[in-house]
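Participant: predicted model and sequence follow; I will ask about them next.
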Amino acid sequence: MGEKSDTYKVVIQLSSNELLVQKATISQLNNILNALPSVSIELVMNGPGIDLILKDAFLINTLEQLSEKGIQFMVCKNSLNYKNMDHNSILPFCKIVPSALAHLVVRQHEGWSYIKAGF
Amino acid sequence: MGEKSDTYKVVIQLSSNELLVQKATISQLNNILNALPSVSIELVMNGPGIDLILKDAFLINTLEQLSEKGIQFMVCKNSLNYKNMDHNSILPFCKIVPSALAHLVVRQHEGWSYIKAGF
Amino acid sequence: MGEKSDTYKVVIQLSSNELLVQKATISQLNNILNALPSVSIELVMNGPGIDLILKDAFLINTLEQLSEKGIQFMVCKNSLNYKNMDHNSILPFCKIVPSALAHLVVRQHEGWSYIKAGF
C-alpha cells in the first residue's frame, strides 16, 4: 500500500432504504475518512437509496457534517423522476446526476474504486 | 466526464431472483443505455440470479429487446450445474461462462467497470 | 481473455452473516480458484460478515482448507471493536485490517478486481 492516500477516490453505491443499511453506510463513510484522510468519496444513491437525503430525512445533521467533511452526495435523476420528485425534495448540499448507474460506470472508467453498500 | 462514451464497458452482477431486484435491474440497463448509448454491457448472472433467463421466465419479451440493443446475457455454468440445467434450459440469446465470478474478475482486469445489482 | 491468469487479483467483500450468503460465498471462492488457479483472493469481512471467522464458527474446517489454498481472510478492526472483540476472538489464520472499506479502496487502486458477496 505504498500509494499516496491523497490519490484515492471511491464511489459508494447506496440502493437501500433499510435503516440498518443507511446507518452502517454512514459509519463506513466516517471509517474511510479516518483511515484515508485525503480520500475523495461520492455516495451515489439510486432507487430506494435516495430516501437517505430527502428533506424529511432524520439523519440530516449527520449528513450535513459529512458534507462539510467533503463527501459528495449524488442522487439519481431517474430515481427522483420515478417518485415525481426533483431538487426541491432533497437536501440542498446534494447533487443530481442524470443516471446513477452511468455515473458509477464513468467514475470507475476514470479510476475510482467502487463499493456497494449494504449487507 | 470528458471520456468518449464508446469506450465504456460494464459487467453487472445479478445474484438474486427477487422480482423487485430483477425488475429494477432491467430498468437500470435501459437507464445506462440511455445515458451512455455506446456502452458495452454484460449482465452476468449467478446463483438464484440465473432464474431471470430460464425459458419459462415471464420477462422474455423485455429481455429479447435488451438483447437486440446489444446487451449480453452471461450465465454461470456452475450455477446451471447446481440446478441440473444446461443450455437447453435458458433463453437462446444467452451465453454460458464457466464461472460467473471468474468472469467478473477477468473483465475488471481488462478495464471493465463493475456494478452489483440489488438493494 | 488473453491475460495470464497469474496476474488476477480480487478482493471479495462479505458483509452478511446470513448462512445462505456465507455458504454461497465459500462455494464461489472454490469456483474462482478452479477457474483461475493462480488468482490471488482476499475475502474482506466487515459488519455482520465477520461472524464467518469467529472461533466458534461452524465452518472452520472448510475455512482452514481455503486458507491452505492461499486465500487470505481479512477482518475489519472497526467491526471487531464494535463487538468488543480482538484477535483472540477470530480464527488464527485471519488478518486484521484497520478499516475493511479503506482496504477495498486501496486494493482497487492497486488494480485488484472487486466483488460484493451476497444476493
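Facilitator: In hand now; what should we look at?

Participant: near chain C at all, stretch A:26-34?
Facilitator: Yes. On the criterion C-beta under 8 Å from any C-beta of the partner chain, stretch A:26-34 is in touch with chain C at A:27, A:28, A:31, A:32, A:34. Yep, even glycine has a C-beta here, placed from its N, CA and C like the rest.

Participant: is chain B contacted by that stretch?
Facilitator: No. Figure legend: stretch A:26-34 not in contact with chain B (C-beta under 8 Å from any C-beta); closest approach 15.6 Å.

Participant: sorry, back to before: please list the members of the residues of stretch A:26-34 next to chain C that lie in strands.
Facilitator: If you go by DSSP state E, those have nothing in strands.

Participant: export those residues as a markdown table, with columns for distance to residue A:68.
Facilitator: Shown next, in a markdown table, are the residues of stretch A:26-34 next to chain C (distance: C-beta to C-beta, whole Å):
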| residue | distance to residue A:68 |
| --- | --- |
| A:27 | 17 |
| A:28 | 18 |
| A:31 | 17 |
| A:32 | 16 |
| A:34 | 15 |
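
Participant: chain A: strands as residue ranges?
Facilitator: Here chain A has its strands, by DSSP E, at A:9-14, A:40-45, A:72-76, A:94-97, A:113-116.

Participant: go through the ones you listed and name the closest to chain B.
Facilitator: strand A:113-116 (4.4 Å; C-beta to the nearest C-beta).

Participant: give me the beta-bridge partners of the residue minimising distance to the centre of chain A?
Facilitator: Using C-alpha atoms, centre = their mean, the residue of chain A that lies closest to the mean C-alpha position is residue A:43, 1.3 Å off. Counting by DSSP bridges, residue A:43 is bridged to residue A:12, residue A:73.

Participant: around chain B, which positions in chain A sit nearby?
Facilitator: So chain A meets chain B at A:13, A:15-16, A:18, A:46-49, A:78, A:98-99, A:101-102, A:104-106, A:108-110, A:114, A:116, A:118 (C-beta under 8 Å from any C-beta).

Participant: any idea how far chain B is from the residue nearest to residue A:90 when sequence neighbours are not counted?
Facilitator: Counting by C-beta to C-beta, 6 or more residues apart in numbering or on different chains, residue A:90 lies nearest to residue A:53, which is 5.2 Å off, once chain neighbours are set aside. Residue A:53 sits 17 Å away from chain B, going by C-beta to the nearest C-beta, to the nearest Å.

Participant: so who does residue A:53 touch?
Facilitator: The contact partners of residue A:53, taken as C-beta atoms under 8 Å, 6 or more residues apart in numbering or on different chains, are A:45, A:63, A:73, A:75, A:90, A:91, A:94.

Participant: buried residues in stretch A:93-113, which are they?
Facilitator: The neighbour-count check on stretch A:93-113 (16 or more other C-beta atoms under 10 Å in any protein chain shown) flags A:94, A:97, A:99-109, A:112-113 as buried.

Participant: what do you get for stretch A:85-92?
Facilitator: For stretch A:85-92, the neighbour count (16+ other C-beta under 10 Å) marks A:85, A:89, A:90, A:91 as buried.

Participant: closest to residue A:39 among those?
Facilitator: residue A:91 (21.7 Å; C-beta to C-beta).

Participant: pLDDT score for the closest one?
Facilitator: Looking at residue A:91, its pLDDT is 96.

Participant: how far away is the residue nearest to it when sequence neighbours are not counted from residue A:86?
Facilitator: Leaving aside its chain neighbours, residue A:91 sits nearest to residue A:53 (4.8 Å; criterion: C-beta to C-beta, 6+ apart). Relative to residue A:86, residue A:53 is positioned 13 Å away (C-beta to C-beta, to the nearest Å).

Participant: cool, residue A:119 as well?
Facilitator: Distance from residue A:119 to residue A:86, by C-beta to C-beta: 31 Å.

Participant: likewise residue A:98?
Facilitator: Residue A:98 sits 13 Å away from residue A:86 when distances are taken as C-beta to C-beta.

Participant: need the contact list for residue A:27.
Facilitator: Residues in contact with residue A:27, defined by C-beta under 8 Å, 6+ apart, are residue C:78.
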